[in-house]
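[1] Here is my input; please provide its structure:
(chains A and B)
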2 protein chains.
Amino acid sequence: MMYPGKSPYTMLSVEDCVEMVASQVKGALGQEEVPLGQALGRILAQDAIAEVPIPAFPASIMDGFAVRSAEGRGAFLCPAAATAGERRRPLEEGHVRYITTGAPLPEGADAVVKVEDTVQSVRSDGLEVQIPASKPGANIRQVGSDTAQGERLLTKGCRLGAAELGILAALGMRRVQVYQEPKVAVLSTGDELVDVDGDDLDETRGQIRDCNRPLLCAMVKELGATPLDLGLVKDDLAIVRSALSHAFNSADVVITSGGVSRGSKDYIKEVLTELGEVHFGEMCMKPGKPSTFATVGPRRRLFFGLPGNPVSCFVTFKLLAAPAIEKLRGRPLDCPTYARVDAMLASAVQMDPDRPEYHRARARWESGGIVAESTGFQRSSRIASIAEANCLLEIPSGSGVIPQGQVVKALLLPGEGLRPEPEGFPRKARKAEPAPKVDRPQEPKTGLLVLGDAEGLRNLRPQLLERRPKEANAAKEVVERWCRQDADACDLVVVLANLGLGSADAEVLAALRSCLDKSCANLEELLLRRQLQQSPLAMLHQSVAGVRSQTLVVTVSTFCGDALTDILALLPQALSSVRSDAP
Amino acid sequence: MMYPGKSPYTMLSVEDCVEMVASQVKGALGQEEVPLGQALGRILAQDAIAEVPIPAFPASIMDGFAVRSAEGRGAFLCPAAATAGERRRPLEEGHVRYITTGAPLPEGADAVVKVEDTVQSVRSDGLEVQIPASKPGANIRQVGSDTAQGERLLTKGCRLGAAELGILAALGMRRVQVYQEPKVAVLSTGDELVDVDGDDLDETRGQIRDCNRPLLCAMVKELGATPLDLGLVKDDLAIVRSALSHAFNSADVVITSGGVSRGSKDYIKEVLTELGEVHFGEMCMKPGKPSTFATVGPRRRLFFGLPGNPVSCFVTFKLLAAPAIEKLRGRPLDCPTYARVDAMLASAVQMDPDRPEYHRARARWESGGIVAESTGFQRSSRIASIAEANCLLEIPSGSGVIPQGQVVKALLLPGEGLRPEPEGFPRKARKAEPAPKVDRPQEPKTGLLVLGDAEGLRNLRPQLLERRPKEANAAKEVVERWCRQDADACDLVVVLANLGLGSADAEVLAALRSCLDKSCANLEELLLRRQLQQSPLAMLHQSVAGVRSQTLVVTVSTFCGDALTDILALLPQALSSVRSDAP
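    All right, here's what the predicted structure looks like:
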């Protein structure tokens, strides 16, 4: 047997794939009636119509006195109270009546005068109230003036959030007609996978945690649909076939991860070709190229074969599966799933030469527009790139980078919405703290390399952190990698190590120096001086500071103690001075 | 007893109230450990640190052949397969080994060559594979290159969405330390209230549905906290006192609605003064002026006394209670709750002379910015004004209107986020359908007044709808109200009625004509002609068409049938022509 190379599937554009999926989704599943208290998040399957007008009676807008406006100003007797909910009696001529907000206007009255505009004095038979002149209808909500009888307050297909439940309650609806939730079966394929609740990993066998099922099940839940966790499936043709047949018997949608690329044990596409119709098997995007979509059986149940890398899983679920599940849940067919907005890049983004990329980022409102901060290195195996991502940037294919400040299209993922920092509401002591501007110097992207068993640097919050033995090659490899000029390059590399006068340490120092395009003698001296202030032992240690490519590299020793705080505060300035210095 | 007038509480600004609440919230409640599967939506109470590097072994990035790169190009024997998960054996010299994506690199190998770059031929002892030259490290993910050992992937205080659960699973975390959810007791006060699951309303007694509890409980749930529905409370000092004492014994936060204004039976503020400390009792905003905030007992439990109108309840919950509950749930104290963005008004908005207003609106992305569409008439009793609202516009106090196209500040409410129409993803047949522009003529705001028992007009989707008897005064009142030039004015008023030659009908016609500043004879004739095409009976009926203020008013008869569609299509043009005609 020879090993398969190129995929036999035609690679379709994302747009074509998305349209293909949409064309196979015919609309909502069935309907059901649920009690109002269970309808949160569901999709309404009926229009919500006011069967009676609101208010159903003329009601007071304020606490005050109901009057006959034709009787004009003067002193009137107020014999008794009609608070909200009390049985109404007609208002006698020459009388006024106390009335609370929302209470029905007594028959005969045609206006309400607010308490503050009156003067009250106590009489034996009630109150004498000095009433100013008023106009008919003053401070009264007329019948149907909030909601006319027959008015439609909510439309079929609308999502029932808290506000909408409040509206249904106001209309007196105890039960509500909603669409059924689709059942979505989730399976992971791959011999190397171990359940998160299962045994410890045997890394010598290449085992890894299956994080795709927790991820996919939670994404299904976030949509409001019902996940069906069908577990792990081994890479065996017969097992895959039987697992999928079972899945299609119990669910409206089946989602797998893994087993769709060209590996010798990738059986998903093969089984789907037997069970139904594969509509596409390769999509021109990054990440998620081998994504597969099929429909199965006479009821044309939907199948999404997502790639095995969790990041690819996340992105392709959002692009392909989520819009389809939304429609099955009852959202209108022509209603898009994500707002597609313009976002300014907070840092440069590397393009892929061949495929458009859906770059994970965190979008926030800042200085009058949306600013998107990349989640960092976008390799599809790096799951950290989906952490707290609330948007996908549409990065076109091309060569080079899209520079910082450029505006790109971004799909806003629902959930938390735009991150409320830095201009959000409420902010403690907002006045004292002016919102930072987008054009302020960026926080330097920092990598911390710890050599040996050094400890310290509690004030540094590096985006990258690695611990290595205090050894020349290890140090060199990390520094070179972190300085490589791609989207993931650090602005600053801090090496925490005690590098003394021994020959092994000298080798490490030499290796670090060999990484640098130029060294910064002044910065080295500054580092030494600050460390000496802290401890005379620092004189036995050596520091390196310099620039490789666009990255500033410095070593610090654990003798720094609190002086590190000062040194760290200086580093961003050092960085910008070093860069402005560059030819 | 005299009735109370002005509130004795100092009216504070929204900013001061919000800051007062923030100053009383000291941070999260306790912590608890939950299984990963139950952590969706919770707030992380620990940093998530990678205890082992990812990958834990050098892994292949693609399906291909593991090689010793130093052996260079040539023909190699591939004796057996090492798919992901298989026990690794060292790679013999002179051999290559098939390897799938993610599988551990066999000892001795230092690069992977992809299948497509090789030529395979079958031999008795395996495959002979023509391998091109490769570089050390090619197509290999080094240990820790996705996630370094000790790297922090998620920070304490972060909300656990699906992506974050995937990350925790990848780190092998079966259980996760999260903050406890606050318990939020919800009560409604008011003798006039009837439970939505309770008896039918007796409107003669001024009864209304209690929609505040369903609304508040659902808003608490949407935040992820636990609502405790403590039911309806009668307007009686002793009952209110005992209900609140009970509530504070069982919940971390207590929220009431109603009973906070100056009505004779509003006991909430009085009881809170006994039980704890009232921090404010009047807030300078619309809606929600009487909002009350207090803390109770040594543990300083939070109390929010929200107004009784459901709309005020909604807005004040979002502004005051939600940020506090978020902090109790474990969100960082300095993290704002809502993004505060710039939004362009899709239509003019009336200002209140005295108080800033939090105007409910629907925000969407359109033509490079956020456009906000008012939910219409903002009276606090009109619950329709919260339907599908996803933002609160900060409308300052002032005189007159803020014109269409003006940019105002808006608080984006989490949940669905920006409405994805009209530029969202995915959109069916996106290419054929260019996104409408914000400067296109607005859909006319239409009111439909149905006089008598007329039926028809299924193609009209009016924002306002009222049914009245076919009677002159009723007709006049509605038309005048809908034409009043405030933010709620209609562009178009359609009166559906069969107005024949009888004297009562003539009175209605005269009343309608008397509403008009000028009549439009041509439009009247057009309406007649179209109706005649449908039925000769139309000649027995009369039509009115004209302009009052900036509103176009037309009558149509039920004889129109399908011709109505055409007439309705003409009306927006008629409207703009009539307006351009104006002096």
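
[2] Now do A:L523 against chain B, distance only.
    Look at A:L523 and chain B: by C-beta to the nearest C-beta, to the nearest Å, they are 26 Å apart. Heads up, the C-betas are built off the backbone N, CA and C, glycines and all.

[3] Surely that residue is in a helix?
    Yes: the assignment for A:L523 is a helix, going by DSSP: H, G, I helix; E, B strand; the rest coil.

[4] Could you pull up the residues touching A:A343?
    A:A361, A:A363, A:G369, A:I370, A:V371, A:A372, A:C391, A:L393, A:V407, A:V408, A:K409, A:A410 (C-beta atoms under 8 Å, 6 or more residues apart in numbering or on different chains).

[5] Now render those as CSV, adding secondary structure.
    CSV is the format used below for the contacts of A:A343 (three-state DSSP):
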residue, secondary structure
A:A361, strand
A:A363, strand
A:G369, strand
A:I370, strand
A:V371, strand
A:A372, strand
A:C391, strand
A:L393, strand
A:V407, strand
A:V408, strand
A:K409, strand
A:A410, strand
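
[6] Flag every residue of the stretch 251-400 of chain A that's near chain B.
    Taking C-beta under 8 Å from any C-beta of the partner chain, the part of the stretch 251-400 of chain A that reaches chain B is made up of A:261-265, A:308-310, A:313-314, A:319, A:323, A:333-342, A:364-365, A:368, A:379, A:381-384, A:386-389.

[7] What about those residues, which are in helices?
    Among those, the residues falling in helices (DSSP state H) are A:P310, A:C313, A:F314, A:P323.

[8] quick revisit: out of the contacts of A:A343, the closest to B:L528 would be?
    For these, the minimum distance to B:L528 (C-beta to C-beta) is 51.1 Å, reached by A:K409.

[9] I'd guessed the closest one sits against A:I395; true?
    No: in this structure, A:K409 is not within contact of A:I395 by C-beta atoms under 8 Å, at 9.2 Å.

[10] neighbour-wise, which of those two wins?
    A:I395 (26 against 16; other C-beta atoms under 10 Å in any protein chain shown).

[11] What's the per-residue pLDDT of the closest residue in space to the more buried one that isn't next to it in sequence here?
    Closest residue to A:I395 in three dimensions, ignoring its sequence neighbours and counting by C-beta to C-beta, 6 or more residues apart in numbering or on different chains: A:E357, at 4.3 Å. A:E357 carries a pLDDT value of 97.

[12] The stretch 301-450 of chain A: strands as residue ranges?
    A:301-306, A:339-345, A:349-350, A:357-366, A:369-374, A:391-395, A:401-402, A:407-412, A:446-451 (DSSP state E, counting those that start in this stretch).

[13] The longest one vs strand A:369-374, what angle?
    The directions of strand A:357-366 and strand A:369-374 differ by 130 degrees, with axes from the mean of the first three to the mean of the last three C-alpha atoms, to 10 degrees as the criterion.

[14] how far out from the middle of the chain is strand A:357-366?
    The chain centroid and the centroid of strand A:357-366 are separated by 10 Å under C-alpha atoms, centre = their mean, to the nearest Å.

[15] Output the contacting helices and strands for that strand.
    Judged by 3 or more C-beta pairs under 8 Å, 6 or more residues apart in numbering or on different chains; DSSP states H and E, the packing partners of strand A:357-366 are helix A:310-316, strand A:339-345, strand A:369-374, strand A:391-395, strand A:407-412, strand B:339-345.

[16] Reformat these as CSV; add mean pLDDT.
    CSV is the format used below for the helices and strands packed on strand A:357-366 (pLDDT from 0 to 100):
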stretch, mean pLDDT
helix A:310-316, 97
strand A:339-345, 94
strand A:369-374, 95
strand A:391-395, 97
strand A:407-412, 95
strand B:339-345, 94
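
[17] Buried deepest among the ones you listed, which one?
    Ranked by mean neighbour count, the helices and strands packed on strand A:357-366 are led by helix A:310-316 with a mean of 29 (mean count of other C-beta atoms under 10 Å in any protein chain shown).

[18] could you say what helices and strands that one packs with?
    Short answer (3+ C-beta pairs under 8 Å, 6+ apart): helix A:310-316 packs on helix A:212-223, strand A:301-306, strand A:357-366, helix B:162-170.

[19] swap the cut-off to 6 Å and go again
    For helix A:310-316, the packing partners by 3 or more C-beta pairs under 6 Å, 6 or more residues apart in numbering or on different chains; DSSP states H and E come out as helix A:212-223.

[20] Output the helix it packs on as PDB, nothing but the C-alphas.
    Backbone C-alpha positions of helix A:212-223 (Å, rounded to 0.1, in the frame of the first residue of the first chain) are rendered in PDB as follows:
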ATOM      1  CA  ASN A 212     -12.200  19.000  21.000                       C
ATOM      2  CA  ARG A 213     -15.200  17.400  22.500                       C
ATOM      3  CA  PRO A 214     -15.300  19.800  25.500                       C
ATOM      4  CA  LEU A 215     -14.800  22.600  23.100                       C
ATOM      5  CA  LEU A 216     -17.400  21.500  20.600                       C
ATOM      6  CA  CYS A 217     -20.000  20.600  23.100                       C
ATOM      7  CA  ALA A 218     -19.600  23.900  24.800                       C
ATOM      8  CA  MET A 219     -19.900  25.800  21.500                       C
ATOM      9  CA  VAL A 220     -23.100  23.900  20.800                       C
ATOM     10  CA  LYS A 221     -24.400  24.800  24.200                       C
ATOM     11  CA  GLU A 222     -23.500  28.400  23.700                       C
ATOM     12  CA  LEU A 223     -25.700  28.400  20.600                       C
END
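
[21] For chain A, give me the ranges with low pLDDT.
    Applying pLDDT under 70 to chain A flags residues A:80-88, A:428-443, A:455-461, A:487, A:533-536, A:539, A:559-570, A:572-573, A:576-583.

[22] and the residue of the stretch 401-550 of chain A found nearest chain B, how many neighbours?
    As assessed by C-beta to the nearest C-beta, chain B sits closest to A:G424 within the stretch 401-550 of chain A, at 2.8 Å. When counting by other C-beta under 10 Å, one arrives at 23 neighbours for A:G424.

[23] contacting residues for it?
    B:P336, B:Y338, B:A339, B:R340 (C-beta atoms under 6 Å, 6 or more residues apart in numbering or on different chains).

[24] Look up how far B:E326 lies from it.
    11 Å (C-beta to C-beta, to the nearest Å).

[25] count of neighbours near the closest residue to chain B within the stretch 251-400 of chain A?
    For the stretch 251-400 of chain A, the residue closest to chain B is A:P336, as judged by C-beta to the nearest C-beta, at 2.8 Å. Using other C-beta under 10 Å, A:P336 is surrounded by 22 other residues.

[26] unless I'm mixing things up, it is touching B:P420, no?
    Yes: counting by C-beta atoms under 6 Å, A:P336 sits close enough to B:P420 to count as a contact (4.0 Å).

[27] dump the residue contacts of the spatially most central residue of chain A.
    With distances taken as C-alpha atoms, centre = their mean, the residue of chain A nearest its centroid is A:N390 (3.2 Å). Shown in contact with A:N390 (C-beta under 6 Å, 6+ apart): A:R362, A:A363, A:L413, A:E416.

[28] which stretches of chain A form helices?
    With helices called from DSSP H, chain A shows them at A:14-24, A:162-170, A:212-223, A:237-250, A:268-275, A:310-316, A:322-328, A:472-483, A:503-515, A:521-534, A:563-581.

[29] Briefly note if the second one comes near chain B.
    Yes: part of helix A:162-170 sits near chain B under the criterion C-beta under 6 Å from any C-beta of the partner chain, namely A:A162, A:A163, A:L165, A:G166, A:I167, A:A169, A:A170.

[30] Many thanks, I have nothing further to ask.
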